[in-house]
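> Can you look at this prediction? I've put the sequence above it.
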Amino acid sequence: MPTRICVLFGLLCLASLCCGSNKPGEVLLVIACPPHPQQARSDCLALSHNVLEQQRALELAGIFPEDFVLKVHVMHELFNSWTMLDALPHLRAQARVLGARTEWIIWCQHNTRVSSLRGLLEQLRRQNPRELAFYGHALYDAEATIIHHFSNYKDPQRFPYPMLSAGVVFTGALLRRLADLVAPSGQNITVHSDFSIDASHELARFIFDNVSPDPHISTPISGGILLKSASYICSTPTSVPNRKLPCLLHAQPEEPLTLGQRRNGCVSLFMPGMPCCSKIIYHAKGLLIKMRYLQKCQNFVILHECF
């Protein structure tokens, strides 16, 4: 009899230890904010406020999923980087936002909207956070383009890349792998360009070139990870008739700037290098653009390699 009691007591202790270690997984919602215009900053804060309000409402109603802990971060409040690959080392090391218990990362921009936090968390619950995967609204090139460095020029329509403004969902397993790759100690990574033109395509290409679907293989041999198209992530808030899932994460169309906003805003103008080595020509073209196009703009920046 005492032996049975000891065995039963041991089983109860083991069960309590197992239950105690089953902590809820973290869902990290990151809002990438551009430095300008000011309206974009306001939109970022409004998105953060909206998501937190949805969370409070779910908690008050007692229907917030107990297996998740939600954390919301606006990027410019942590550091100045706002592209995914630039931000990863900061998220992992300096800010310590991305941790071992982070199961999901929802990457948003200032014009991303979360129409239903509850529905979004329900979708995440049905997916595997340990899989090396990312989900979004897939875009495809009709033909090879210079802004994508003529990538997949033989069949560009077969390579999907995410619409960043619609939001992108990453598993924690994939983002931790990416953070290790772009860390200062990371080695043997493939990058097609030293500068960024289209961050969404370059992100998808970086993942495909450097992350293998097999976690035991450091780099892909016959093809890497492709973006998975998620029907709950949409390009617009308008639902398509007869769709199986509502749009839970979507892009909000931006209104054109008024004349007053253009005057008070900051315009960044990039002048790519020309086949010429004379700074005088660059300076003359800069003056021409300033006189013609920037007369009514109070703040502007002209960028090119010779200044």
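That came in fine, so what should we check first?
> Residues touching the longest helix anywhere in the chain, excluding its own?
The single longest helix within the chain, with elements called by DSSP state H, is helix 38-60. Identification of contacts with helix 38-60 by C-beta atoms under 8 Å, 6 or more residues apart in numbering yields 29, 31, 33-34, 64, 70, 72, 74-76, 108, 110-114, 116-118, 261, 265. Every residue, glycine included, has its C-beta placed from N, CA and C.
> Mind checking which of those are buried?
By neighbour count, with 16 or more other C-beta atoms under 10 Å, these hold 29, 31, 33, 64, 70, 72, 74-76, 108, 110-114, 117, 265 as buried.
> Which SSE is immediately downstream of the host helix or strand of D180?
Secondary structure here is read from DSSP states H and E; on that basis D180 sits in helix 172-182. Stepping forward along the backbone from helix 172-182, the first helix or strand reached (DSSP H and E) is helix 199-210.
> Quick one: neighbours of the residue lying closest to G172 once chain neighbours are set aside, just the number.
Distances taken as C-beta to C-beta, 6 or more residues apart in numbering put T102 closest to G172, at 4.3 Å, once the chain neighbours are dropped. A total of 23 residues lie near T102 under the criterion other C-beta atoms under 10 Å.
> what's near enough to touch T102?
If you count contacts by C-beta under 8 Å, 6+ apart, T102 has them with G25, E26, V27, L28, G172, L175, R176.
> Tell me how far the last one lies from F208.
Taking C-beta to C-beta, to the nearest Å as the measure, R176 and F208 are separated by 18 Å.
> now swap in the first one and tell me
G25 sits 26 Å away from F208, taking C-beta to C-beta as the criterion.
> Repeat that for the fifth one.
Plainly put, G172 is 19 Å away from F208 if you go by C-beta to C-beta.
> Same question for the fourth one.
As defined by C-beta to C-beta, L28 lies at a distance of 23 Å from F208.
> in the stretch 151-300 of the chain, which segments are predicted with low confidence?
The stretch 151-300 of the chain contains residues with pLDDT under 70 at 151-157, 185-196, 215-223, 239-243, 254-300.
> So Q127 belongs to a strand, correct?
No. The assignment for Q127 is coil, going by DSSP: H, G, I helix; E, B strand; the rest coil, so no strand is present there.
> for V27, which residues make a bridge with it?
Note on V27: beta-bridge partners by DSSP bridges are L70, W104.
> give the contact list for it.
Under the criterion of C-beta under 8 Å, 6+ apart, the neighbours of V27 are F68, V69, L70, K71, T102, E103, W104, I105, I106, L121, L124.
> What score does the fourth one have for pLDDT?
If you check K71, the pLDDT there is 94.
> In contact with it: list those residues for me.
Under the criterion of C-beta under 8 Å, 6+ apart, the contact list for K71 reads E26, V27, L28, L29, V97.
> mind running it again at 10 Å?
By C-beta atoms under 10 Å, 6 or more residues apart in numbering, the contact set of K71 is E26, V27, L28, L29, V30, V97, G99, T102, I105.
> ok, now the last one?
Contact partners of L124, counting by C-beta under 10 Å, 6+ apart, are G25, V27, P65, D67, F68, E103, W104, I106, Y135, V169, T171, Y232.
> what's the distance between it and G25?
Counting by C-beta to C-beta, the gap from L124 to G25 is 9 Å.
> again with the third one
With distances defined as C-beta to C-beta, the gap from L70 to G25 amounts to 10 Å.
> which neighbours do these two share?
Residues within reach of L70 and of G25 at once, by C-beta under 10 Å, 6+ apart, are W104.
> Pipe the contacts of L124 into JSON lines and attach distance to S200 per row.
Below are these laid out as JSON lines (distance: C-beta to C-beta, whole Å):
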{"residue": "G25", "distance to S200": "26"}
{"residue": "V27", "distance to S200": "22"}
{"residue": "P65", "distance to S200": "29"}
{"residue": "D67", "distance to S200": "30"}
{"residue": "F68", "distance to S200": "27"}
{"residue": "E103", "distance to S200": "23"}
{"residue": "W104", "distance to S200": "19"}
{"residue": "I106", "distance to S200": "15"}
{"residue": "Y135", "distance to S200": "14"}
{"residue": "V169", "distance to S200": "14"}
{"residue": "T171", "distance to S200": "18"}
{"residue": "Y232", "distance to S200": "18"}
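> Tell me the one of those nearest N128?
Proximity of the contacts of L124 to N128 (C-beta to C-beta) peaks at T171, which lies at 7.3 Å.
> That closest one is in contact with W107, isn't it?
No. Counting by C-beta atoms under 10 Å, T171 sits too far from W107 to count as a contact (12.0 Å).
> Common neighbours of these two, please.
In the contact map built from C-beta under 10 Å, 6+ apart, the residues linked to both T171 and W107 are F134.
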